[in-house]
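1. sequence and predicted structure are below.
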Amino acid sequence: MTPKDVAAYIHQLQLDIVGGNDVPNPIKTWRQFGLPSTLLETIRTELKYAKAPLPIQAQALPVIMSGRDCIAVANTGSGKILAFVLPMMAHLMAVRIQGANIALVVAPTIDVVHKIYTSLLKFTRFSRVACLPLYSGGCADIFKQNSLLKVQTGLVIGTPDTIISTGEIKSVLARVTFLVMYQTDRMLDMGFETRLISIVSNIRHDCQNLIFSSTFNHDGIRLLARKVAYKPVEIHAHPMSPPLVEEVNQGIVYHPRDSCYEAQLEINDFPLLALGKVIRRETMSPICKWTRTTVIVKGQYIQPPFIPHPGERKLYLSIKAATEQSASLAKAEIHRILQASSLSSSQNGQHFSQVSELGSIHA
């Protein structure tokens, strides 16, 4: 494309590009990205992406594939995850022969970690790249996490807390060659700035750093970008149409059966270790069977002392049963376990745990 054609295409995509010299041109088809054939085949067969890449993908993908640091700003549902997943996979497949390198994705909540993890599984099963979500005590046991991280090239996804609580974290971060901070504005709103800086300060100096955010009007993001990114290309995607998905209040939900009475229990402000214990299936199932109740975990975890955004609600339990007595009994037992776990956490100096199991728990 001529410079005039490129400018017209960028205008058509409704993109603003700030900073950086010799920015790669946006691409119109998936094959133009120079991706390995296995990734292209996955796009075609698994994701059935026959159409052209979305605007943020069209520009961010060639920038990231060129090895440049990048700041990508786009609304929810605009395709940001695929914009970093594809070049991240290509990067790891290329550097695998050089040693056990790691690509690290930092996300605000376990819900988002799980969402990215399920997206990555579509690609990692066709490669020799391991994919490890850091749930810290859930489906990926911490000891298995540590041994896997020692020897394998792979993708690691976690929240700032679960990453920092991983054993031998400094040796892990020293092998990171590709870093993604996803939903960075939300992580800063949740008070993770210090942890993000701690993570960044321990990674390799030649690491490729990417910042993905829904907004860029946060002073903390600009400060973080100056500390993290080296001569980044900054891409802003303006809304062209309604997003692919609605903005959702993500949470871990146990879907209920028929019931007629509901009790609610606020759990957000208990220690994370207590939350991780009480929501695990082996803890909740006996309570549900004993009291003949259904437990629904709603809302999202918001780190104290921060408050929810409008339309959000802190993590809480909805306890449904056929009678008020059953719901109240279950609520009292769950609250007792939370208090006991909180006391144990305080005495043992343990701070990190995460909700990690998805499913339905009921009598």
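-> The structure has been received and is ready for your questions. Please read all numbers here as calculations on a predicted model, not as lab measurements.

2. quick one: low-confidence parts of the chain?
-> By pLDDT under 70, the low-scoring segments of the chain are 20, 35, 45-51, 96-100, 125-128, 135-153, 167-168, 218, 239-259, 344-363.

3. quick one: the strands in it?
-> Shown for the chain, the strands assigned by DSSP state E span residues 15-18, 70-73, 102-106, 130-133, 154-158, 176-181, 208-213, 233-237, 261-266, 293-298, 316-321, 361-362.

4. mind putting those into a markdown table with mean neighbour count and distance to I81?
-> Using the backbone N, CA and C atoms, a C-beta is placed for each residue, glycine as well. Below are those laid out as a markdown table (neighbours: other Cβ atoms under 10 Å; distance: least, Cβ to Cβ, whole Å):
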| stretch | mean neighbour count | distance to I81 |
| --- | --- | --- |
| strand 15-18 | 15 | 18 |
| strand 70-73 | 26 | 11 |
| strand 102-106 | 26 | 9 |
| strand 130-133 | 21 | 14 |
| strand 154-158 | 25 | 11 |
| strand 176-181 | 24 | 10 |
| strand 208-213 | 23 | 8 |
| strand 233-237 | 22 | 14 |
| strand 261-266 | 15 | 31 |
| strand 293-298 | 24 | 23 |
| strand 316-321 | 22 | 27 |
| strand 361-362 | 20 | 29 |
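
5. for V95, which of these is the nearest?
-> Checking the strands of the chain against V95 by Cβ to Cβ gives strand 176-181 as the closest, at 6.3 Å.

6. quick check: D111 vs M1, distance?
-> Plainly put, D111 is 40 Å away from M1 if you go by Cβ to Cβ, to the nearest Å.

7. looking at the two, which is more packed in?
-> The neighbour count for D111 versus M1, taken as other Cβ atoms under 10 Å, is higher for D111 (18 against 12).

8. ok, the more buried one touching Q300?
-> Yes: look at D111 against Q300 with Cβ atoms under 8 Å: they come within range, at 6.6 Å.

9. what would the strands of the chain look like in JSON lines with distance to D5?
-> As requested, the strands of the chain are exported to JSON lines (distance: least, Cβ to Cβ, whole Å):
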{"stretch": "strand 15-18", "distance to D5": "15"}
{"stretch": "strand 70-73", "distance to D5": "23"}
{"stretch": "strand 102-106", "distance to D5": "33"}
{"stretch": "strand 130-133", "distance to D5": "38"}
{"stretch": "strand 154-158", "distance to D5": "36"}
{"stretch": "strand 176-181", "distance to D5": "31"}
{"stretch": "strand 208-213", "distance to D5": "27"}
{"stretch": "strand 233-237", "distance to D5": "19"}
{"stretch": "strand 261-266", "distance to D5": "57"}
{"stretch": "strand 293-298", "distance to D5": "50"}
{"stretch": "strand 316-321", "distance to D5": "53"}
{"stretch": "strand 361-362", "distance to D5": "57"}
